[in-house]
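[1] Below: sequence and its predicted model.
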Amino acid sequence: MDLRGNDPGDSGVKKLTDLQKDKKYKLNKLRLLKSPAAEEACDSLTKALGSNPLLLRELDLSKSKPKDLRIEKICALLQDSHFRLQKLTLHQTDSKSEFSGLFSALILNPSHLRKLNLNGNKPDTPGVENLCRLLKNTDCKLEKLQIINCTLDVAGCAALSSALCSNPSHIRELDLSYNELHHTGIEKLCPLLENQECKLEKLLLKNCSLGDKSCVALTSALRSNSHLRELDLRENPLGDSLKQLSHLLKNSGCNLM
């Protein structure tokens, strides 16, 4: 059955998949995807995961998964409109080109992704640039972004903040813990926090080499942000500047818990 060029929706894909499994029918091949490469990737993932990935909403490509879950095999699937992935986990990919290619694919099909976990990756400049292109896309509605221990530097933090500032209304949780951001990196992040369209509720900056100046900058930025509920600054040498943050907590417009 060849249904390429059609969009049967989530329920339609499930019904067709169930039909294919029914022993009363002799349907061997169902074609929905836009390219042979996407079909091959879907078949590969089906064998590895034991279920049709078109019905999945969460996909974990971390190192604990089988070797046939390589990113280059699924990029064609990620950009296919029939693949409506909501949560993607990518831990410690070995290839920087794979990291960059992943976002090049997602840029073509960004509207369903809500959670992205990139912990432990070491992206190069093109990788960060492609991630930022994804975040800038007006169709991108990402709500949770985790970039823990990714050697994100000041330039990367600046690019990330700029990308989120251009499309700020969806992001709710941002975790940049265990990156060497220092004061300069936090300064680059402050415009996002000050953006009136930004509705960020959870900001995690554990062990980011933040000192007195960083805390002062954050406190100042947060005076114009009434949405933030949780701020994690553990394992940072903040010093006496914490007093300013405590004064902010007493402000009636502050919603930190």
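    All right, it came through fine. Since the structure is predicted, the reported quantities are computational estimates derived from the model, not experimental observations.
[2] any idea which element the residue nearest the centre of the chain lies in?
    Closest residue to the average C-alpha location of the chain: L116 at 2.6 Å, with Cα atoms, centre = their mean. Secondary structure assignment for L116, by DSSP states H and E: strand 115-117.
[3] Figure out how far that strand is from the centre of its chain.
    For strand 115-117, the distance between its averaged C-alpha position and the chain's averaged C-alpha position is 4 Å (Cα atoms, centre = their mean, to the nearest Å).
[4] neighbouring contacts of it?
    86-91, 142-146 (Cβ atoms under 8 Å, 6 or more residues apart in numbering). Quick note: C-beta positions are derived from backbone N, CA and C, even for glycine.
[5] Try it again at 10 Å.
    Under the contact criterion Cβ atoms under 10 Å, 6 or more residues apart in numbering, strand 115-117 has outside partners 57-58, 60-62, 85-91, 102-103, 106, 131, 134-135, 140, 142-148, 173, 175.
[6] avg pLDDT for that strand?
    Predicted confidence along strand 115-117 averages 95 (mean pLDDT).
[7] Ok, stretch 196-212 next?
    Averaged over stretch 196-212, pLDDT sits at 93.
[8] again with stretch 176-185
    For stretch 176-185, the per-residue pLDDT values average out at 93.
[9] With only the CA atoms kept, save it in PDB.
    Taking Å, rounded to 0.1, in the frame of the first residue of the first chain, the C-alpha atoms of stretch 176-185 are listed here in PDB:
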ATOM      1  CA  LEU A 176      23.100  24.800  31.700                       C
ATOM      2  CA  SER A 177      24.700  23.100  34.700                       C
ATOM      3  CA  TYR A 178      28.300  22.100  34.800                       C
ATOM      4  CA  ASN A 179      29.400  24.500  32.000                       C
ATOM      5  CA  GLU A 180      32.100  27.100  32.400                       C
ATOM      6  CA  LEU A 181      29.900  30.100  31.800                       C
ATOM      7  CA  HIS A 182      31.600  32.500  34.300                       C
ATOM      8  CA  HIS A 183      30.300  36.100  34.600                       C
ATOM      9  CA  THR A 184      30.600  36.900  30.900                       C
ATOM     10  CA  GLY A 185      28.400  33.900  29.900                       C
END
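[10] buried ones in it?
    Within stretch 176-185, the residues that count as buried by 16 or more other Cβ atoms under 10 Å are 176-179, 181-183, 185.
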